[in-house]
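>>> okay, here's the prediction I keep looking at, along with the sequence it came from:
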Amino acid sequence: MQTRPSFRLILISILLAGPVRGEEQRPRAPKAPQTDLATLLRIQTDVQKLLPQVRQALVAIQTGGGTASGVIISADGLLLTAAHVPGGPGKDMRVILEDGSVTTAKSLGLDKTTDAALAQLKQREKPWPFVKLSREVIQAQPGEWCFALGHPGGFDKSRGPVLRVGKIIKQTANSLHTDCVLMGGDSGGPLFNFTGEVIGIHSQIWENRDQNVHVSMAPFLRSWEAMQKSQVIKVWGVGAGGYLGVATVMSDDVELEVADVIDDSPAQKAGVRAGDVILSVNDDAMTDQQQFTATVRSKAAGDTLKIRLRSGGKERELAVKLAQKPQEDSE
Amino acid sequence: MTNAETCARLSGISTSSLELRHFFALRKFVIRHSAVLLLSPFFALADTPLPTLPPEQRTNGKQTLSAVSPLKPLTLDCAARIESVLERPICTATIVGADGYVLTKASEVPDLDKARVRFADGRTAALREVHREARLDLVLAQAVGITGLPVVSFGASKPLTLGQWLCSTADAGQEPRIGIVSAARRAIPGTGAALGIRMDEKTPKEVKGVRIIGIASESPAEIAGLQENDVLLNIAGEAVAQYRRVHELVNKRQPGEVIEVRYLRKDKEETCRVRLASRTKVLQNWEGEDFANGGISLRSDNFPEVLQHDIPLYPSDMGGPVTTLEGKVVGINIARVDRVTTFALPVEAFRTEAQQWIKADRHPPKAVPVK
């Protein structure tokens, strides 16, 4: 079995990235009544009403490295998928539409820290069938019903797309967790709400059936402006900058604490340890995670950071030379 | 959660192996450890995160399942548990005759006389095999000395469309589970049976046999105790010298069938019995990467027609009834295939035949005097 550092990086980055702004008044705990048959039947009616239209926007994607899914979100053929599908910008991908017809797409920008990616389908005269994105990221609340489409195991003409209906279990800054069960080949496929808008892009699974992770629309929307301006997004800004390799957590004393240090990362090599409290970076006092993230990301690989730490009551200062982020080895 | 949990990116499956080579040649699958990080509350964001949905409120949690509790007489009560004499669950049965007739998944119970049935009312009974139909992977049996059983009410599966709710039974017929029709109904072609081994294509001339160079995770070969570097000598009574011949001998059999394998380990000849699985199963799960949760059925292909659904079930739930929300049985679960797929045989594929088997068993043909 392989372990690749970039994967851990993705997890850590999600933790570092912090919540999307302007969400302070989050409505709390969802309603939890006993479900009745009428509720299930309403879910069924709604899904079946939306399916004929939204399934047309689902595509299967074949790259040199595997088989995956994606979803068309504009009439001119802009495609959302997961970043680990193309692996990099400018990659040519074979795309199979819902009706079995084949075309190609080229990957545009991608965000490896959240696994969000964009691609552009080959131009054609006829408008592409598409679905809309949900811009109300916060509405994808735990307890809400949702449904997933994808091509698990790859495109299969006699089977067609595979539907799953489930509930949102958790919302994090950049992801949604649901009990819509996913597997290999679903990557990049859409998760829908009950107005037929895309609220997530299938990304990862853990072992349990309830552990299915989708990229939420938050990372896509963060760069939405650039997408609107040019119709084509080249590079996603998020995730640029040097690589340190720590995950942080706010401690009970509201201090910035190192929660984990990635193996072989610059932080580990310099001697940063889990449990250390980060006091300052380049003499700027660090008070929260977003500030720390922004500070690290504003530096490039090769730059040296002066980090002041407190471990076990003793303060110490380390110089850490930032590295390149470990790259996905494509193909 | 433990560190042993693994996480996988969702873009396909691959491994290089002889049995596999052309099957998933283009696919790639990556499994990584330590993925547990993201789900750990220790790493909670500074802001108070939204609460995680408690298990009882999830799609197959208690509160949601309360919607289908009125269906109990038509679902759970019409399912029975097939278990070993040591009470280990083997599979699930669907009651089709008040006088003890049950249908279940044939390849799960090659020896019905080594199993017994336990009904929802607590009664247990020995099983008498009535008819075995390999084409459908169904076996009809009768619980000996049992009467007064609740019988399923059949509906039609043809009108079912994608997204329609279905209800089934889990935990060997004791718990309801819901899910939806998740893909088009279709035939599933067979790929034959497999052991789950990679063989040396160029076994040295002086060795009389075929050397094993790789064993698939949870495969028939692994379960039977075969190991890397064992040299296969004889498969089901035929001496083997070519890896192609091993493949032929195994592949033509039915998944679920047991064959005898004679092999050489450290200059000592040994014999084992291997219960074969569908080739598809072995290939898709070469390194245990299918995340099927509880495993997949030995036979997962070669069906004339199936309904596909996303009800979260285990291989031991196969053989149980699949109903609509009105409680009409539209199929029998026939194969747990992978993390997202379960197949059910639609009622139209077996109902008429099963009724004929029962009728013939109740009224065996009388001897007719020759004129």
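Okay, I see it. Numbers count the residues shown, from 1 in each chain, chains lettered A, B, ... in the order given.

>>> rest of the way, CA atoms for contacts and neighbours
Will do.

>>> pLDDT at B:Gln174, what is it?
For B:Gln174, the pLDDT comes out at 85.

>>> tally of neighbours for the nearest residue to it once chain neighbours are set aside?
Spatial nearest neighbour of B:Gln174, excluding adjacent residues (CA to CA, 6 or more residues apart in numbering or on different chains): B:Leu76 at 6.2 Å. Around B:Leu76 there are 25 other residues, counting by other CA atoms under 10 Å in any protein chain shown.

>>> ok, now A:Thr195?
As a measure of burial, A:Thr195 has 12 neighbours, counting by other CA under 10 Å.

>>> related to what we said a few turns ago, might one say that the residue nearest to B:Gln174 is in contact with B:Asp171?
No. Contact between B:Leu76 and B:Asp171 fails when scored by CA atoms under 8 Å: they sit 10.5 Å apart.

>>> need the pLDDT of B:Leu45.
pLDDT, read off for B:Leu45, is 35.

>>> helix/strand/coil for the residue in the stretch 151-300 of chain A that chain B sits nearest to?
Nearest residue of the stretch 151-300 of chain A to chain B, counting by CA to the nearest CA: A:Gly184, 3.7 Å away. Look at A:Gly184: counting by DSSP: H, G, I helix; E, B strand; the rest coil, its state is coil.

>>> going along the chain, name the strands of the stretch 151-300 of chain A.
Taking DSSP state E, counting those that start in this stretch, the strands of the stretch 151-300 of chain A run over residues A:162-171, A:175-178, A:190-192, A:198-206, A:212-216, A:246-250, A:256-261, A:277-281, A:284-285.

>>> do the fourth one and chain B meet at all?
Yes. Figure legend: strand A:198-206 in contact with chain B (CA under 8 Å from any CA of the partner chain); contacting residues A:202-206.

>>> may I ask which of these has the most neighbours?
Neighbour max across these (other CA under 10 Å) = A:His202, 35 neighbours.

>>> and it, bridged to which residues?
Beta-bridge pairing for A:His202 (DSSP bridges): A:His214.

>>> how near is it to A:Leu149?
Per CA to CA, to the nearest Å, A:His202 is found 9 Å from A:Leu149.

>>> got any residues that touch both of the two?
Residues within reach of A:His202 and of A:Leu149 at once, by CA atoms under 8 Å, 6 or more residues apart in numbering or on different chains, are A:186, A:189-191.

>>> B:Gly145: which of those is nearest?
Distance to B:Gly145, by CA to CA, is smallest for A:Asp186 among these, at 49.2 Å.

>>> local confidence estimate at the closest one?
pLDDT, A:Asp186: 94.

>>> hang on, the earlier thing: could you dump the residues of strand A:198-206 next to chain B into CSV and include distance to A:Val59 and pLDDT?
CSV is the format used below for the residues of strand A:198-206 next to chain B (distance: CA to CA, whole Å; pLDDT from 0 to 100):
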residue, distance to A:Val59, pLDDT
A:His202, 13, 96
A:Ser203, 15, 93
A:Gln204, 18, 89
A:Ile205, 20, 87
A:Trp206, 24, 81
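
>>> which residues touch the residue nearest to B:Gln174?
B:Leu76 makes contacts with B:120, B:168-169, B:173-176, as judged by CA under 8 Å, 6+ apart.

>>> can you map out the helices along chain A?
A:5-17, A:37-54, A:217-222, A:224-230, A:266-270, A:289-297 (DSSP state H).

>>> what residues does the stretch 51-200 of chain A have near chain B?
A:64-68, A:84-85, A:141-143, A:152-154, A:158-172, A:179, A:181-187.

>>> again, 6 Å this time
Residues of the stretch 51-200 of chain A lying near chain B by CA under 6 Å from any CA of the partner chain: A:65-68, A:142, A:153, A:159, A:162-163, A:166, A:169-170, A:181, A:183-187.

>>> drop anything exposed from those.
Using 16 or more other CA atoms under 10 Å in any protein chain shown as the burial test, these include A:65-68, A:142, A:153, A:159, A:162-163, A:166, A:169-170, A:181, A:183-187 as buried.

>>> pop the domain breakdown of chain A in here.
Per automatic domain parsing, the domain ranges recorded for chain A read A:8-15+A:36-230, A:246-321.

>>> report the distance from the longest one to the chain centre.
Taking CA atoms, centre = their mean, to the nearest Å, one finds the center of domain A:8-15+A:36-230 at 10 Å from the center of the full chain.
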